[in-house]
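**Student:** Provide a 3D model corresponding to the input given below.
(one chain, ligands or ions: 1)
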Amino acid sequence: MNNRIFNFNAGPATLPLEVLIEAQAELLNYQQTGMSILEISHRSKPYEDINEEAEANIKELLGLGDDYRVLFLQGGASTQFAMIPMNFLASGQTADYIITGTWSEKALKEAQLIGNTHVAATTAEGNHQRIPTMAEIQLSDQPAYVHITSNNTIFGTQWKEFPEFGKVPLIADMSSDILNRSFHAEKFSMIYAGAQKNLGPAGVTVVIMRKELLANNPKTIPTMMRYETHAKNDSLYNTPPVFSVYMLNLVLRWLKGQGGLSVIGKRNEEKAALIYDTIDQSGGYYRGHAQADSRSLMNVNFRLPTEELEKTFAKEAEQAGLIGLKGHRSVGGLRASMYNAMTVGGCLALKEFMLDFKRKNG
Ligand SMILES: Cc1ncc(COP(=O)(O)O)c(C=O)c1O
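**Tutor:** Residues are numbered from 1 along each chain as shown. I've put the predicted structure just below:
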């Protein structure tokens, strides 16, 4: 029916085939408007319906109520690195960051441009192979907030249980694992994610926020940088990325249709186990980067005995229809990104390829 390959890229990443087919079917004439969704006004009723439904779908999937808002912004997760301290780090306060990889370092760097920061824990020693234990986390005195990266795309580690710090707002960059399993979302004052890994195409950044955080955004920062601006205008203060939000909503409907977060979480466990078990049973031929208790369900990083073999692996995998497996330069080796839309079939194909490659080259 189609000649699609298995796409293990870290993001932009594979999307559910059903979603692509649906978008294709209604591309020329969106719901009898005689226009495509790419051409529609963001002030029109059809778009307002999408905007509203997407917010409701995210809240439903995460089990969140009226005390939360969902915003659809632009500028990627990288813009959130700056907006968070601009809105929530007042002068005289300190913001705490837990450093588990490149992306948390980048978030910290932006906050350092705005105000006082404190590194509450870091796993830099050992090149971010693990998530810190609760005992390692040392908060500053009354932090304005604590920031974590829930899944470290580059290093392939993921928080299994989220920390809790009483009344201190917890903020998470969930760009690479948002909606990957069920979890207690109310622990978080704010969650944000660029859509292009687990939610849809690039272009929209999802921000999920406790309403109480919207109360005191400083009036001195530019209008577009204030969360309150976007909340008051239902993410329609300026022209939103209409097509990206439309696609996001199709992905959210698909996820609900699959059975929601507990079903997708089980499937993601099953998929990750196919690859981690292959690594563990390879007698040291494949070596994982992450420590076993910190392994990510989304990004599996592994090495082969030599860099030469790693290059051959990536090249031959591509010839076999498995693309995007080359690892990030800061870790080296290979990385298989297996977000919600990656099928069990794709992971089985990768497992078979790994076994076969070892038989031929081991
Ligand atoms: C965990 C994490 N945070 C932030 C980013 C940056 O996202 P964006 O490109 O949307 O700014 C990425 C991108 O890979 C990421 O993996």
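**Student:** from here on, contacts and neighbour counts on C-alpha atoms
**Tutor:** Fine.
**Student:** so who does the residue in the stretch 151-300 of the chain positioned nearest to the ligand touch?
**Tutor:** The nearest approach of the stretch 151-300 of the chain to the ligand comes at residue 194, 4.1 Å away (Cα to the nearest ligand atom). Applying Cα atoms under 8 Å, 6 or more residues apart in numbering, we find residue 194 in contact with 76, 77, 175, 202, 203, 204, 205, 206.
**Student:** and if you look at residue 147?
**Tutor:** 95, 96, 97, 98, 170, 171, 172, 173.
**Student:** any idea how far it is from the ligand?
**Tutor:** Distance of residue 147 to the ligand, computed by Cα to the nearest ligand atom, to the nearest Å: 12 Å.
**Student:** for that residue, helix, strand, or coil?
**Tutor:** Assigned state for residue 147: strand (three-state reduction, DSSP: H, G, I helix; E, B strand; the rest coil).
**Student:** tell me what it is bridged to.
**Tutor:** Going by DSSP bridges, residue 147 is paired in beta bridges with residue 97, residue 171.
**Student:** per-residue confidence at it?
**Tutor:** According to the prediction, residue 147 has pLDDT 98.
**Student:** now for the nearest residue to the residue of the stretch 151-300 of the chain closest to the ligand once chain neighbours are set aside, how many residues are close by?
**Tutor:** In this structure, residue 194 finds its nearest non-sequential neighbour in residue 205, 4.3 Å apart by Cα to Cα, 6 or more residues apart in numbering. By the criterion of other Cα atoms under 10 Å, residue 205 has 26 neighbours.
**Student:** let me see the contact set for residue 205.
**Tutor:** Residues in contact with residue 205 (Cα under 8 Å, 6+ apart) are 72, 73, 74, 75, 76, 77, 192, 193, 194, 195.
**Student:** hmm, back to that, can I get the contacts of residue 147 in JSON lines including pLDDT, distance to the ligand and neighbour count?
**Tutor:** Supplementary listing: the contacts of residue 147 in JSON lines, determined by pLDDT from 0 to 100; distance: Cα to the nearest ligand atom, whole Å; neighbours: other Cα atoms under 10 Å:
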{"residue": "95", "pLDDT": "98", "distance to the ligand": "18", "neighbour count": "27"}
{"residue": "96", "pLDDT": "98", "distance to the ligand": "17", "neighbour count": "25"}
{"residue": "97", "pLDDT": "99", "distance to the ligand": "14", "neighbour count": "26"}
{"residue": "98", "pLDDT": "98", "distance to the ligand": "13", "neighbour count": "23"}
{"residue": "170", "pLDDT": "98", "distance to the ligand": "16", "neighbour count": "22"}
{"residue": "171", "pLDDT": "98", "distance to the ligand": "13", "neighbour count": "22"}
{"residue": "172", "pLDDT": "98", "distance to the ligand": "9", "neighbour count": "21"}
{"residue": "173", "pLDDT": "98", "distance to the ligand": "6", "neighbour count": "26"}
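**Student:** report the distance from the longest helix along the chain to the chain centre.
**Tutor:** Ordering each helix of the chain by length in residues (DSSP state H) puts helix 260-280 first. Offset of helix 260-280 from its chain centre (Cα atoms, centre = their mean, to the nearest Å): 17 Å.
**Student:** in that helix, what's buried?
**Tutor:** The neighbour-count check on helix 260-280 (16 or more other Cα atoms under 10 Å) flags 260-262, 264-265, 267-268, 271-272, 274-276, 278-279 as buried.
**Student:** stretch 352-362 now?
**Tutor:** When burial is assessed from 16+ other Cα under 10 Å, stretch 352-362 yields the following buried residues: 353, 354, 357.
**Student:** please flag which of these sit within helices.
**Tutor:** Residues of those located in helices (DSSP H): 353, 354, 357.
**Student:** still on that earlier bit, pull out the buried residues from the contacts of residue 194.
**Tutor:** Taking 16+ other Cα under 10 Å as the criterion, what is buried in the contacts of residue 194 is 76, 77, 175, 202, 203, 204, 205, 206.
**Student:** which of those fall within helices?
**Tutor:** Using DSSP H, the buried ones among the contacts of residue 194 in helices are 76, 77.
**Student:** ok, and of the buried ones among the contacts of residue 194, which contact the ligand?
**Tutor:** Contacts with the ligand within the buried ones among the contacts of residue 194, as defined by Cα under 6 Å from any ligand atom: 76, 77, 175.
**Student:** grab the nearest non-local neighbour of the last one.
**Tutor:** Closest residue to residue 175 in three dimensions, ignoring its sequence neighbours and counting by Cα to Cα, 6+ apart: residue 193, at 3.8 Å.
**Student:** thought that neighbour was touching residue 179?
**Tutor:** No. Contact between residue 193 and residue 179 fails when scored by Cα atoms under 8 Å: they sit 10.2 Å apart.
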